[in-house]
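# Kindly return the folded structure for what I paste below:
(2 chains)
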2 protein chains.
Amino acid sequence: MPNAEPLLIVGSIAFDDLDMPSGTFRDVLGGSSTYSSLAASLFSPARVVGVVGSDFPEAHLDAMRTRNIGTDGVERVAGKTFRWHGKYSADLSSRTTLDTQLNVFADFRPKIPASYRASPFVLLGNIHPSLQIDVLDQIERPRLVAADTMNFWIASEPQKLGEMLGRIDLLIINDEEARQLSGIQNLCKAASDIRKRGPSHLIIKQGEHGALLFDKGGTFFVPAYPLEEVTDPTGAGDTFAGALVGYLARRSSSIDSPHALRRAMFFASALGSFCVEDIGPKRLLTLTRVDVASRIDAFRALVDFGGSLALD
Amino acid sequence: MPNAEPLLIVGSIAFDDLDMPSGTFRDVLGGSSTYSSLAASLFSPARVVGVVGSDFPEAHLDAMRTRNIGTDGVERVAGKTFRWHGKYSADLSSRTTLDTQLNVFADFRPKIPASYRASPFVLLGNIHPSLQIDVLDQIERPRLVAADTMNFWIASEPQKLGEMLGRIDLLIINDEEARQLSGIQNLCKAASDIRKRGPSHLIIKQGEHGALLFDKGGTFFVPAYPLEEVTDPTGAGDTFAGALVGYLARRSSSIDSPHALRRAMFFASALGSFCVEDIGPKRLLTLTRVDVASRIDAFRALVDFGGSLALD
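Reported below is the predicted structural model:
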């Protein structure tokens, strides 16, 4: 990775208990920063900031370290690791939270190690917007700050969320969050509204239906890859975000090109398509850049119309 | 249109009564062959075969004729024209049929005028599969036959539908129809199953989420155009199909290129995006090729990632 710049990722590290149509899976490695960093590290050195409890196996952190992920920012504190228990519908199109145990995550205050403070690329995972701001206060001005959020913060912390939006370059949310945040049903209008609040770039994810980018260059769309088997959508959004910013960090010399973010979206969608192929982050843990290049070839075919769209 | 070949379209001609969030609209010009022919005629001479009642204004047929649509195959019989009454949900994502009056359409038996029998391109709109077969029996072997169908025929006429599938080149249906027809939830697997039954090309429409093509060249995706205002989705699918086959007929000299159908899907999606901008076929009736070229430019930007997807 000749020009690859490091990427700071702040978010949750968790155990997930997953009730899937294919079976039940307990103590699955989860959390937004886990998925994001595993995806990002295919492209650039990732640096994770998060918290785990005394029950969290060191082997998981070892696995991350062997995959180009720095864990100096992962705090281990007495108590249990954040745990989420979810149940998916038969067609995997919806899920219900059965239980959330914040545990050590309840008192999480991100502490950015001194060696991470000059990270040129930053991804703020879905945590309290005050904590996202707290991270930005601890670091030097990066080249690009991307952030995620969720319905819970949109409803309960509109003021802090608004402050956070004013300090980021790219917001990555899903369609329902975009509608809730803007109060506007139409996604194009919702995007205009949200971009006025701060982020010059907005990506609206639509799950199996792809993702839209809105920026000064206009509107861009990347499809999701049509898969024959989808096993577990958990973490696909975090994987998308991690791969996106990781790819931008890898190609840091060209991020001012209007196509940079558009190309990154293909890699983000490609990594998301791998993520859903197995339970938890299992597929991401074995993924190589050769696999990624092969999926990107398939994406290229998926959108290839021969270059010209002439009427005659 | 130097190389544009004529296109035969068989389907319904109707009055639609539309209960929209924006108001109620009565006696709106409707029917699959109306939408399909208005879209197709932007690209190639269209020839419509259908039936209307004594209540159908000649002015509607005049409007079609001035737009490069042949109406020699439109039979006028005593009685009332087919009428559909539907009500849309507030966000236009679903609709309920309040009333269907088949009227003169109940006894419709397509009679292909002698001058239409050598049409090189054929679009069989959503009518009884026996009637679709009946059309194929009346014509000379065309270069390309495309067909639509619906859940009602999939459930009630599986045998006749199977026979029809064995005689067409391209099936254009939506995602729910593909799942129902194949009995398979996953669209990639459903597509493989359906293609084995006859059509070498299959397009699965996903409404506001675009459309997928499955053929021997692999899988291709075209997005829907993200619009700021959607007024009425009625007829968008028929418009898509009409524009698709109309574009192929216009570019008949190159339809053996693997990109021909892929390019046609952009024009199909573009016309679909115009259709939904106003009530019924209102926007299609004022549409020009200049408008189409401008929307195609916007589509080009929507999918433009600069051509290369290099990792480094």
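
# can you map out the helices along the stretch 51-200 of chain A?
Ranges of helices in the stretch 51-200 of chain A, per DSSP state H, counting those that start in this stretch, are A:58-66, A:129-138, A:151-156, A:158-165, A:175-182, A:187-196.

# and the stretch 101-250 of chain A, which residues reach chain B?
A:185-189, A:206, A:209-210, A:212, A:217-223, A:226-230, A:250 (CB under 8 Å from any CB of the partner chain). To be clear about C-beta, it is placed using only N, CA and C from the backbone, and glycine gets the same treatment.

# Residue of the stretch 51-200 of chain A closest to chain B, please.
A:Cys188 (4.6 Å; CB to the nearest CB).

# Is it correct that that residue is in contact with B:Tyr225?
No: here A:Cys188 does not reach B:Tyr225: they are 9.9 Å apart, not a contact under CB atoms under 8 Å.

# picking up where we left off before, among the residues of the stretch 101-250 of chain A next to chain B, name the buried ones.
A:186-188, A:206, A:209-210, A:212, A:219-223, A:226-227, A:230, A:250 (16 or more other CB atoms under 10 Å in any protein chain shown).

# Tell me the one of the residues you listed nearest B:Gly30?
Minimum distance to B:Gly30 across these is 25.0 Å, recorded for A:Asn186 (CB to CB).

# Give the closest residue to the closest one in space, chain neighbours not counted.
Of all residues beyond its chain neighbours, the one nearest A:Asn186 is B:Glu228 (6.1 Å), with distances taken as CB to CB, 6 or more residues apart in numbering or on different chains.

# which intervals of chain A have sub-threshold pLDDT?
A:1-2 (pLDDT under 70).

# what are the ranges of the strands in it?
Per DSSP state E, chain A carries strands over the ranges A:7-10, A:14-20, A:23-30, A:46-52, A:69-76, A:83-88, A:95-101, A:121-124, A:144-147, A:170-174, A:201-205, A:211-215, A:218-222.

# So which of those is the most surrounded?
strand A:7-10 (a mean of 32; mean count of other CB atoms under 10 Å in any protein chain shown).

# which residues sit against that strand?
With CB atoms under 8 Å, 6 or more residues apart in numbering or on different chains as the test, strand A:7-10 has contacts from A:33, A:36-37, A:40, A:44-50, A:73, A:110, A:112, A:116, A:119, A:121-125, A:127, A:131-132, A:135, A:139, A:142, A:242, A:245-246, A:249.

# Repeat the analysis, applying 6 Å as the threshold.
For strand A:7-10, the external contacting residues (CB atoms under 6 Å, 6 or more residues apart in numbering or on different chains) are A:33, A:36-37, A:40, A:44, A:46-49, A:110, A:116, A:119, A:121-125, A:135, A:245-246, A:249.

# Then stretch A:244-257?
In contact with stretch A:244-257 (CB under 6 Å, 6+ apart) are residues A:1, A:3-5, A:7, A:40, A:43-44, A:121, A:123, A:146, A:260, A:264, A:267-268.

# 8 Å instead, please
A:1, A:3-7, A:9, A:36, A:39-44, A:46, A:120-123, A:143-144, A:146, A:170, A:172, A:203, A:260-261, A:263-265, A:267-268, B:306, B:311-312.

# do stretch A:15-33 as well
Applying CB under 8 Å, 6+ apart, the set of residues contacting stretch A:15-33 is A:9-14, A:48-50, A:56, A:60, A:81-90, A:92, A:98-99, A:125-127, A:148, A:231-232, A:234-235, A:238, A:279-281.

# for the residue of the stretch 151-300 of chain A found nearest chain B, phi and psi?
Using CB to the nearest CB, the single residue of the stretch 151-300 of chain A nearest to chain B is A:His259, 3.4 Å away. Backbone geometry at A:His259, expressed as degrees, to the nearest 10, gives phi -90, psi -10.
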